[in-house]
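J.: predicted model follows, preceded by the sequence.
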Amino acid sequence: MRRKWLSWGLVMAQFGCLAALGATGTVVARSALLLAVQVVGLALAGWALWAMRDSLPHALPDVRPNARLVSSGPFAVIRHPLYASLLMLTLAIVLDDFTALRAGIWLALFVVLVIKLSYEERLLVERFPEYAAYRQRTWRLIPFVF
């Protein structure tokens, strides 16, 4: 039961941050460079969803009973491309319509996603024995950085 509360709490915090960003400014970058960052973020999300096409993604970090470990497409390089794409999309709008409040919300989103992916990885290690080796050969969120 505690796991469900944690999972739902993380999802609610994530969507709360996204709603706050949407409520405090633009959601589509006006700058050509930052719009390009958003397009790359959308392309990354599309590629990740395509790689996951045999297993439906969901917002909760819980591992579904019929889940399989995806390690192709962008997952061959980073373990959480959907979180990375979300951070790219939102960072672009924060930089395009910058306020200290929006920067703080984005930092909160980043922290929530790092906590969420850390929790998700603990669950994946329990479910997939090969996940430990997969972690050794991939980046968590940002290639060559983290």
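T.: Structure's in. What do you need? Numbers count the residues shown, from 1 in each chain.

J.: spatially nearest residue to the residue at minimal distance from the centre of the chain, not counting backbone neighbours?
T.: The residue lying closest to the centre of the chain (C-alpha atoms, centre = their mean) is Tyr83, at 1.0 Å. In this structure, Tyr83 finds its nearest non-sequential neighbour in Leu113, 4.8 Å apart by C-beta to C-beta, 6 or more residues apart in numbering. Bear in mind the C-beta positions are built from the backbone N, C-alpha and C, glycine included.

J.: report the distance from the strand or helix carrying the one you found to the chain centre.
T.: Taking DSSP states H and E as the criterion, Leu113 maps to helix 100-127. Averaging C-alpha positions (C-alpha atoms, centre = their mean, to the nearest Å) puts helix 100-127 8 Å from its chain's average.

J.: circling back: please, which helix or strand holds the residue nearest to the centre of the chain?
T.: In this structure, Tyr83 sits in helix 81-96 according to DSSP H and E.

J.: any idea of the mean pLDDT for that helix?
T.: Averaged over helix 81-96, pLDDT sits at 97.

J.: may I see the buried residues of it?
T.: Within helix 81-96, the residues scored as buried using 16 or more other C-beta atoms under 10 Å are 81-96.

J.: can you give me the angle it makes with helix 100-127?
T.: 170 degrees (axes from the mean of the first three to the mean of the last three C-alpha atoms, to 10 degrees).

J.: buried residues in stretch 10-24, which are they?
T.: Result for stretch 10-24 [16+ other C-beta under 10 Å]: buried residues 10-11, 13-14, 17-18, 20-21.

J.: tell me which residues are up against it.
T.: 27, 59-61, 86, 90, 93-94, 99, 101-102, 105-106, 108-109, 112-113, 115-116, 119 (C-beta atoms under 8 Å, 6 or more residues apart in numbering).

J.: ditto for stretch 63-79
T.: Against stretch 63-79 from outside (C-beta under 8 Å, 6+ apart): 44, 47-48, 50-52, 54-55, 58, 81, 84, 117, 120-121, 123-124, 126-128, 130-131, 134-135, 138-143.

J.: mark which of those are buried, thanks.
T.: Buried among those (16+ other C-beta under 10 Å): 44, 48, 51-52, 81, 84, 117, 120-121, 123-124, 131, 134, 138, 140-141.

J.: now the contacts of stretch 10-24: which count as buried?
T.: Among the contacts of stretch 10-24, those buried by neighbour count (16+ other C-beta under 10 Å) are 60-61, 86, 90, 93-94, 102, 105-106, 108-109, 112-113, 115-116, 119.
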